[in-house]
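**Q** from the sequence below, what's the structure:
(one chain, ligands or ions: 3)
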Amino acid sequence: MDSDSSNPAAFSLPSISLQTISHLSESIPNLLQLPNPIDKSPYYHPNPAFYISSSDVLLRQILFDLSTSSSPLLAYHRAGPRSQIRFDPATVRAAIVTCGGLCPGLNTVIRELVVALWDLYGVRQIFGVQAGFRGFYSCETVELNPRIVHDWHLRGGTSLATSRGGFDLDKIVGGIEEKGFNQVYCIGGDGTMRAAVKIFNEIQHRKLKISITGIPKTVDNDIGIIDRSFGFQTAVEIALQAVHAAHVEAESAVNGVGLVKLMGRNTGHIALHATLSSRVVDCCLIPENDFYLEGEGGLFEFLHQRLKKNGHVVIVVAEGAGQNLIPRTESQKAEQDESGNQVFLDVGPWLKSELNKWWKRDHDGELFTLKYIDPTYMIRAVPANATDNLYCTLLAHSSIHGVMAGYTGFVSGQINGNYAYIPVEEVASAKNPVDTKDHRWAWVRSVTNQPDFN
Ligand SMILES: Nc1ncnc2c1ncn2[C@@H]1O[C@H](COP(=O)(O)OP(=O)(O)OP(=O)(O)O)[C@@H](O)[C@H]1O
Ligand SMILES: O=P(O)(O)OC[C@H]1O[C@](O)(CO)[C@@H](O)[C@@H]1O
Ligand SMILES: [Mg+2]
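**A** Ligands and ions are numbered 1, 2, ... in the order given. Below you'll find the predicted structure:
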């Protein structure tokens, strides 16, 4: 018999599958247990509800159709302070490392890790590892305290320096052991999370009492599971300035084209958000949606019509878009950066040149002005805005609470507005592409009226 779809009682809730995270007690016998020093904090006055227990979870999917959902709902441990801690603060030696590209908020996360370890938990041995993972074995570490980092949230970049490459598992874990670190905070993107998985596995293999955690950062917002990565909103805000400038230039010319290239290696989130929030973009080109230039339904035909109608156009192109169209030599095809990421050809100047050639070929003699803006590093080299700053603080605090409670091999992240601990392996493999089938891409297309290039 068919279930009555108007009667909610006719459906049963799917089961829940908890994504457990590792705990030091699984590999370290007789791990000590102490009351959380926040008990004595003059600011928090914790009541019983203040502490989070290991049975507190949050769901990844909060919207679903009961008539079709049958697979279990994924749940994660809720982030936050635990009533018992598993490190004696006096013996903690915490290491903080930043890896990969810059992102607004890196310095805020470092600052808040230092200040909260110091103020909330009474940790006094906190170290900055310089220049990314290679810093564990090739550079002096710097001792940090709240006085040193007090104004770091006002600075862009990372005051610890960052780098790509330099991943040598044996040397890194050797360096961690040699320097006596027992808490390792890794701030970085997808590559950093993949590296953290390997370090975590090696630490487990060596049965070391070291907790490692990841705090995901990427302006590209290309890390899955979490709501968004810190710094992304700030980057979009700065990107908008470039889009508005391109619009002014285009509008003030005859047959004016404003072309803006924005970051986004494999994902077009920055371009998409800049398009939706500016409302002045005529065409948004992202890596997830192939496009073509010539013929029916192509970019040139669309631009011709738009210029005829409005007299100007604004194009936003993400750096990873159109890579299949740009001619490249065999050696360019194989080029990688130090971390093994494919080196892209520069889509901005290529598109600019193609547009100029097209106009000259098809509209010779008619006025045409193309202004190209490439704000690339400007959007990620700035300090975090207010929202990202607060987000960075809560991520740093979540990480410390989890580590002090003895959890390891996890990432702190926001899921549906709440903070969770997610297994680092899961984050390392979770991508976050723009879904060109969902409502947000449909919204872009309805705002721009651009072709779908199918
Ligand atoms: N698969 C991997 N295994 C081990 N180490 C890795 C791996 N991928 C990346 N790494 C290391 O992680 C660090 C950061 O990687 P990468 O340069 O790709 O930046 P990222 O963390 O992805 O940040 P972003 O994407 O924002 O630039 C580098 O030191 C790199 O060597
Ligand atoms: O020039 P760099 O520092 O290697 O970084 C560029 C890359 O880093 C990112 O900002 C983050 O992954 C990408 O958007 C960009 O492709
Ligand atoms: Mg990356």
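**Q** mind telling me what element residue 331 is part of?
**A** Using DSSP states H and E, residue 331 sits in helix 330-334.
**Q** which residues in the stretch 251-400 of the chain form strands?
**A** 256-262, 283-285, 312-318, 369-373 (DSSP state E, counting those that start in this stretch).
**Q** do the stretch 51-200 of the chain as well
**A** Going by DSSP E, counting those that start in this stretch, the stretch 51-200 of the chain shows strands at 57-59, 73-78, 84-85, 94-98, 126-129, 142-144, 183-188.
**Q** could I get those strands in a markdown table, plus columns for mean neighbour count and mean pLDDT?
**A** Just so you know, the C-beta spots here come from the backbone N, C-alpha and C atoms, and that holds for glycine as well. Below are these laid out as a markdown table (neighbours: other Cβ atoms under 10 Å; pLDDT from 0 to 100):
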| stretch | mean neighbour count | mean pLDDT |
| --- | --- | --- |
| strand 57-59 | 18 | 97 |
| strand 73-78 | 20 | 96 |
| strand 84-85 | 18 | 98 |
| strand 94-98 | 28 | 98 |
| strand 126-129 | 25 | 98 |
| strand 142-144 | 17 | 98 |
| strand 183-188 | 27 | 98 |
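**Q** dump those strands to TSV, plus distance to ligand 2.
**A** Formatted as TSV, the strands of the stretch 51-200 of the chain follow (distance: least, Cβ to the nearest ligand atom, whole Å):
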stretch	distance to ligand 2
strand 57-59	28
strand 73-78	25
strand 84-85	35
strand 94-98	12
strand 126-129	18
strand 142-144	22
strand 183-188	10
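**Q** turn those into CSV, columns for distance to residue 407.
**A** Below are the strands of the stretch 51-200 of the chain laid out as CSV (distance: least, Cβ to Cβ, whole Å):
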stretch, distance to residue 407
strand 57-59, 14
strand 73-78, 8
strand 84-85, 11
strand 94-98, 15
strand 126-129, 19
strand 142-144, 22
strand 183-188, 11
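**Q** what packs against the helix holding residue 331?
**A** Helix 330-334 is packed against no helix or strand, with contacts defined by 3 or more Cβ pairs under 8 Å, 6 or more residues apart in numbering; DSSP states H and E.
**Q** from the rest of the structure, what touches that helix?
**A** Outside helix 330-334, the residues that touch it by Cβ atoms under 8 Å, 6 or more residues apart in numbering are 343, 345.
**Q** pull that helix out as PDB, backbone CA atoms only.
**A** C-alpha atoms of helix 330-334 as PDB (Å, rounded to 0.1, in the frame of the first residue of the first chain):
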ATOM      1  CA  GLU A 330      54.100  19.500 -24.000                       C
ATOM      2  CA  SER A 331      56.300  21.000 -21.300                       C
ATOM      3  CA  GLN A 332      53.600  23.400 -20.200                       C
ATOM      4  CA  LYS A 333      51.200  20.400 -20.000                       C
ATOM      5  CA  ALA A 334      53.500  18.700 -17.500                       C
END
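**Q** any idea how far ligand 2 is from residue 163?
**A** Using Cβ to the nearest ligand atom, to the nearest Å, residue 163 is found at 9 Å from ligand 2.
**Q** write out the residues of the protein neighbouring ligand 2.
**A** 101, 189, 218-220, 263-265, 319, 337, 380 (Cβ under 6 Å from any ligand atom).
**Q** residues near residue 83, how many?
**A** Number of residues near residue 83 (other Cβ atoms under 10 Å) recorded here: 16.
**Q** residues contacting the residue of the stretch 1-150 of the chain found nearest ligand 3?
**A** Nearest to ligand 3 in the stretch 1-150 of the chain, going by Cβ to the ion, is residue 100, at a distance of 5.6 Å. Neighbouring residues of residue 100 by Cβ under 8 Å, 6+ apart: 132, 162, 164, 188-189, 191-192, 217-218, 339.
**Q** helices - which of those land there?
**A** If you go by DSSP state H, those have 191-192 in helices.
**Q** format the strands of the stretch 251-400 of the chain as CSV; extra columns: mean pLDDT and distance to residue 294.
**A** Below are those laid out as CSV (pLDDT from 0 to 100; distance: least, Cβ to Cβ, whole Å):
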stretch, mean pLDDT, distance to residue 294
strand 256-262, 98, 17
strand 283-285, 98, 15
strand 312-318, 98, 16
strand 369-373, 98, 18
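**Q** looking at the ones you listed, spot the one closest to residue 245.
**A** strand 369-373 (6.1 Å; Cβ to Cβ).
**Q** strand partners of the closest one, parallel vs antiparallel please.
**A** Sheet partners assigned to strand 369-373 using DSSP bridges are listed as strand 256-262 (parallel).
**Q** show me how far the strand it pairs with is from its chain's centre.
**A** 25 Å (Cα atoms, centre = their mean, to the nearest Å).
**Q** so what touches that strand?
**A** So strand 256-262 is contacted by 239, 242-243, 245-250, 270-271, 274, 303, 307, 311-319, 346-348, 351-352, 355, 368-376, 379 (Cβ under 8 Å, 6+ apart).
**Q** select only the buried ones of the residues you listed in PyMOL?
**A** Buried subset of the contacts of strand 256-262, written as a PyMOL selection, criterion 16 or more other Cβ atoms under 10 Å:
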select buried, resi 239+242+243+246+247+249+250+270+271+274+303+307+312+313+314+315+316+317+318+319+347+348+351+352+355+368+370+371+372+373+374+375+376+379
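**Q** which residues of the stretch 101-250 of the chain fall in helices?
**A** 106-121, 135-138, 146-149, 169-178, 190-205, 232-251 (DSSP state H, counting those that start in this stretch).
**Q** so what's the residue count around the residue in the stretch 51-200 of the chain positioned nearest to ligand 3?
**A** The stretch 51-200 of the chain approaches ligand 3 most closely through residue 189 (3.9 Å), counting by Cβ to the ion. Other residues lying near residue 189 total 23 when counted by other Cβ under 10 Å.
**Q** residue contacts, it?
**A** Residue 189 neighbours (Cβ under 8 Å, 6+ apart): 99-101, 103, 216-218, 220, 222-223, 229.
**Q** what number of residues lie near the closest residue to ligand 2 within the stretch 1-150 of the chain?
**A** Proximity of the stretch 1-150 of the chain to ligand 2 (Cβ to the nearest ligand atom) peaks at residue 101, 3.2 Å away. Using other Cβ under 10 Å, residue 101 has 21 other residues around it.
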